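Participant: Next comes the sequence, and after it the predicted model I'd like to discuss.
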Amino acid sequence: MTESTENATWDDPEACPFCGERLRNGGAGFVEHADANADCRTRFDEWRANVAGDVNPEWSG
């Protein structure tokens, strides 16, 4: 895992795991946040690429 994804904090579903910003909610709010924040989107994409092989078959998220 890259440095940018291994420091993610996943303990609060109402906060972005990458930057800590509060989210509207843990589902659609995260998607909106990632779409509006290029750094968080990049880190999410890196994280998803790292775990894609762990989830069989590829998840739709």
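Facilitator: Done, it's in. The structure displayed is predicted, hence computed values, not measured ones. Numbers count the residues shown, from 1 in each chain.
Participant: So for this structure, the centremost residue is which one?
Facilitator: residue 44 (3.8 Å; C-alpha atoms, centre = their mean).
Participant: and it, how far is that from residue 8?
Facilitator: Distance, residue 44 to residue 8, using C-beta to C-beta, to the nearest Å: 9 Å. For glycine as for every other residue, the C-beta is placed from the backbone atoms N, C-alpha and C.
Participant: shared neighbours of the two, anything?
Facilitator: residue 18 (C-beta atoms under 8 Å, 6 or more residues apart in numbering).
Participant: Where does pLDDT dip in the chain?
Facilitator: Across the chain, residues meeting the criterion (pLDDT under 70) sit at 1-6, 55-61.
Participant: Mind jotting down where the helices sit in it?
Facilitator: Counting by DSSP state H, the chain has these helices, from start to end: 3-6, 28-36, 38-51.
Participant: What residues of the longest one count as buried?
Facilitator: Put plainly, it is helix 38-51. Residues 40, 43-44, 46-47 are the ones in helix 38-51 that count as buried (16 or more other C-beta atoms under 10 Å).
Participant: and that helix, what does it pack onto?
Facilitator: In terms of contacts (3 or more C-beta pairs under 8 Å, 6 or more residues apart in numbering; DSSP states H and E), helix 38-51 is packed against helix 3-6, helix 28-36.
Participant: Tell me the buried residues in the last one?
Facilitator: Neighbour-count burial for helix 28-36 flags 29-30, 33-34 (criterion: 16+ other C-beta under 10 Å).
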